[in-house]
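Visitor: sharing a model prediction with you, sequence too.
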Amino acid sequence: MNKTITSQPVKFSSYQISVIVLLALTQFTVVLDFMVMSPLGDILMKSMDMSTTQFGFAVSSYAFSAGLAGLLTAGFADKFDRKKLLQFFYIGFIIGTFLCSIAPNYPLLIAARIVTGLFGGVIGSISMAIVADLFLLEQRGRVMGFMQMGFGASQVLGIPISLYLANIWGWQSPFLMIVGLSSIIWVIILFKIKPITKHLEVKNEKNAFKHLMHTVAQKNYRIGFMATAMLSLGGFMMMPWGSAFAINNLLITPEQLPLLFMVAGIATLIIMPVIGRLSDKIDKLKLFAIASLWLIIVVLIYTNLTPVHISIVMVLNVLMMMGIMSRMVPSMALVSALPKLQDRGAFMSINSSLQQIAGGVAAAIGGMIVVQKDKYSPLEHYDTLGFVIVILTLICIYMVYRVSKLIKANLHKDKL
């Protein structure tokens, strides 16, 4: 069944490469839709007169609805062609993003973010299930690395362009850009990706609810879920306040902000394929632990930073992105190896749901910890977020260790 890990990387077929590219592009648009809230944060808080708590809810509303959608669809995720599922939820995401672009006030913006999250939050889990179906474990580190490049690309291209458009035509314009690009990608997926139905060949007579409960009941799966949740708690806690902290605390100008995100994004694009290859060659747990310790050091420095030259801020942002992404690739590759074929869709949906919900909780808690007296004053208690993230990161190392132990035990069974 599963092959043991070898020292020689398994090559991709031309079709696999096209699938990776399309999944990376969908990842780019979905990540950009979520990530753009952070750089637009300062503009949105000022234009809609939001408090930090209100903005935290604007971010977390997407995450909570995405998490709910994942749980609702988990039981059905293994009963349909994965390509059709991807297309259905992607078109819903496009509609939700368009609603964001025409939202005239805070309540309607919240409503539009909820709609976008209901569809966009499921796309990641469907993509992960597709990866698990079409790629061997020995290939997944590289696949995850390339897919996570969508994160870097959103910073290199998406966020700077979004900020540029926002400065000219208003904060709504980045969402319209995402709608246009996503529509093109949806059409390409329609013609390029073949039906993905291998999981349907495995007999599974459970109804949707029983399938969901069966997946949750698996102890090994729950360990993977907890690892993902802890990873998201630490990752989402700082992110929404990036632009507000840079502008109001580090005195970065709005004109310098796109450059800041672009430099960090370029570094991410360079490092991700390297991390993906390393993840397929060396122990994934070891790579994750090293990256986590790296991140702890950088977070403690950055969250206690005072106004310095922009070059120092750029370097710290690059180092932080390296730590974040170097944790994401090996951990997601490990977690993707936990579920059986007939459970992958449900597992990935639940896993994605917990990831989104944990991220929403983190953003909401962050909004309560961070305080801004008025829209132009510095953020207070940002350093407290740093210490909370350190504790969560240490817990996460232990959880990923447990996942790695389970995977190695499963591989040993397959050898016998």
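Guide: Thanks, I have it.
Visitor: C-alpha only now, for contacts and for neighbours.
Guide: OK.
Visitor: for the chain, give the helix that spans the most residues.
Guide: Scanning the chain for the longest helix, with DSSP state H as the assignment, gives helix 382-415.
Visitor: any idea where the helices of the stretch 251-400 of the chain begin and end?
Guide: If you assign secondary structure with DSSP state H, counting those that start in this stretch, the helices in the stretch 251-400 of the chain sit at 257-281, 284-303, 310-335, 344-369, 382-415.
Visitor: what's the most buried one of those helices?
Guide: Mean neighbour count (mean count of other Cα atoms under 10 Å) peaks for helix 344-369 among the helices of the stretch 251-400 of the chain, with a mean of 27.
Visitor: tilt between that one and helix 382-415?
Guide: For the pair helix 344-369 and helix 382-415, the angle between their directions (axes from the mean of the first three to the mean of the last three Cα atoms, to 10 degrees) equals 160 degrees.
Visitor: tell me what helix 344-369 is packed against?
Guide: When contacts are defined as 3 or more Cα pairs under 8 Å, 6 or more residues apart in numbering; DSSP states H and E, helix 344-369 sits against helix 52-74, helix 106-134, helix 208-217, helix 219-238, helix 382-415.
Visitor: most packed of these?
Guide: Mean neighbours per residue, mean count of other Cα under 10 Å, is largest over the helices and strands packed on helix 344-369 for helix 52-74, with a mean of 25.
Visitor: before we move on, back to that, for Ala166, which of the helices and strands packed on helix 344-369 is the nearest?
Guide: Closest approach to Ala166 among those (Cα to Cα): helix 106-134, 16.1 Å.
Visitor: one step back: can the helices of the stretch 251-400 of the chain go into a markdown table with extra columns for distance to Pro160?
Guide: A markdown table is the format used below for the helices of the stretch 251-400 of the chain (distance: least, Cα to Cα, whole Å):
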| stretch | distance to Pro160 |
| --- | --- |
| helix 257-281 | 4 |
| helix 284-303 | 22 |
| helix 310-335 | 14 |
| helix 344-369 | 23 |
| helix 382-415 | 24 |
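Visitor: pLDDT weak spots in the stretch 101-250 of the chain?
Guide: Applying pLDDT under 70 to the stretch 101-250 of the chain picks out residues 137, 145, 148-156, 199-209, 211-212.
Visitor: that older thread, how about the helices and strands packed on helix 344-369 in CSV, adding distance to Leu99?
Guide: Formatted as CSV, these follow (distance: least, Cα to Cα, whole Å):
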stretch, distance to Leu99
helix 52-74, 13
helix 106-134, 5
helix 208-217, 30
helix 219-238, 24
helix 382-415, 32
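Visitor: out of those, which gets nearest to Val19?
Guide: Shortest distance between Val19 and these, using Cα to Cα, is found for helix 106-134: 8.9 Å.
Visitor: which strands and helices sit next to that closest one?
Guide: helix 14-35, helix 52-74, helix 82-101, helix 137-153, helix 344-369.
Visitor: okay, the ones you listed in JSON lines with distance to Ser183 next?
Guide: JSON lines is the format used below for the helices and strands packed on helix 106-134 (distance: least, Cα to Cα, whole Å):
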{"stretch": "helix 14-35", "distance to Ser183": "10"}
{"stretch": "helix 52-74", "distance to Ser183": "20"}
{"stretch": "helix 82-101", "distance to Ser183": "7"}
{"stretch": "helix 137-153", "distance to Ser183": "17"}
{"stretch": "helix 344-369", "distance to Ser183": "23"}
